[in-house]
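K.L.:
have a look at this prediction, sequence included:
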Amino acid sequence: MKLFIFGVITAWILEFLFYILFIKKKPQQMNNVDTTIQSRTSVDVSALNNRVEVLEKTIATCKEEQAISQAKLAELEAELASKTLALQDALKQQEEAPVVKNMTNESGENNHIDDLTVISGIGPKLHEALNECGIHDLNQLIAADIDKLIRQLKEKGIRFSPANAQTWIQQATLAVQDDMTGLKELQEKLRS
C-alpha cells in the first residue's frame, strides 16, 4: 500500500508539473504568437500606408508637370500661330509691293539695271553665280527672297559676306532709282 500511495502522489506531482510546464505556458505562448502576428501586421500596414502616400505624392507631382507641359505647349502653339500670321502678312506685303521701274537717264539709256556689279560685294564670280540662280538684273535682285538666295549661293560654294548680302536689295533699289549719290553713301557706310 505504501507503494500505491507513493505512486498516486508521484502521479499527482507529475500531473502538476505537466500542467505547469506545458498547459499553463501555452496561453502565454499563444499570446506571444498573437502579439508577433499583430506587430508584423501593423508594420506591414504601416509600410503599405507609407508607400501609398509616396505614390500619391508622385502622382500629384506628375499631374502638376503634365499641366505645366500642357501650358507650355499651348504657349508655344500660340507663339507659332502669331509668327505664322506675321510671315503670311509679310509675304502678302511683299507680293503687293510695287516693282521698281527701270530708270533711264536723259539720253534714254538704261542706268545700271543689268549691271549687278554696281552693288558693293558683287564681283564677276558672284555676278555669274547670281545669274545661275535666276538673278540677271537689279529688279530681279530687289524682288528676290534674300535669305533663299544666300542659301543657294552657299550651296554653290560661293564666298561672300552674308551680312553684306542683306544690303543688296537696298543698294539695288538706289541704283534702279538712279540715286548714285545715295548708293555711294550707303556703300561708304558699309565699308567703314
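P.N.:
Arrived safely, thanks for sending. Since we're looking at a predicted model, the values are computed, not measured.
K.L.:
show me where this structure dips below the pLDDT cut-off.
P.N.:
The model of the chain has pLDDT under 70 over residues 24-43, 94-112.
K.L.:
domain-wise, how is it divided?
P.N.:
44-97, 116-191 (automatic domain parsing).
K.L.:
tell me which of those domains sits nearest to E15.
P.N.:
domain 44-97 (42.1 Å; C-beta to C-beta). (C-beta placed from N, C-alpha, C; glycine too.)
K.L.:
the helices in the chain, which residues?
P.N.:
Here the chain has its helices, by DSSP state H, at 2-18, 25-96, 124-132, 138-143, 146-155, 162-165, 168-176, 180-191.
K.L.:
what residues sit buried inside the first one?
P.N.:
In terms of neighbour count (16 or more other C-beta atoms under 10 Å), helix 2-18 has no buried residues at all.
K.L.:
over to the shortest one?
P.N.:
Buried positions in helix 162-165, judged by neighbour count with 16+ other C-beta under 10 Å: N164, A165.
K.L.:
CA atoms only: put that helix into CSV for me.
P.N.:
C-alpha atoms of helix 162-165 as CSV (Å, rounded to 0.1, in the frame of the first residue of the first chain):
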residue,chain,number,x,y,z
PRO,A,162,26.1,87.2,-95.9
ALA,A,163,25.9,90.4,-93.8
ASN,A,164,26.7,92.5,-96.9
ALA,A,165,24.2,90.4,-98.9
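K.L.:
returning to that earlier point: just name the most buried of the domains of the chain.
P.N.:
Ranked by mean neighbour count under mean count of other C-beta atoms under 10 Å, the domains of the chain are led by domain 116-191, which reaches a mean of 16.
K.L.:
give the contact list for the closest residue to D114 other than its chain neighbours.
P.N.:
Of all residues not flanking D114 in the chain, D137 sits nearest, at 4.9 Å (C-beta to C-beta, 6 or more residues apart in numbering). D137 sits next to I113, D114, L116 when contact means C-beta atoms under 8 Å, 6 or more residues apart in numbering.
K.L.:
from K148, how far off is K2?
P.N.:
130 Å (C-beta to C-beta, to the nearest Å).
K.L.:
kindly report the same for L138.
P.N.:
Taken as C-beta to C-beta, the span from L138 to K148 is 18 Å.
K.L.:
repeat for P124
P.N.:
As judged by C-beta to C-beta, P124 and K148 stand 23 Å apart.
K.L.:
and for C133?
P.N.:
Relative to K148, and taking C-beta to C-beta, C133 is found at 9 Å.
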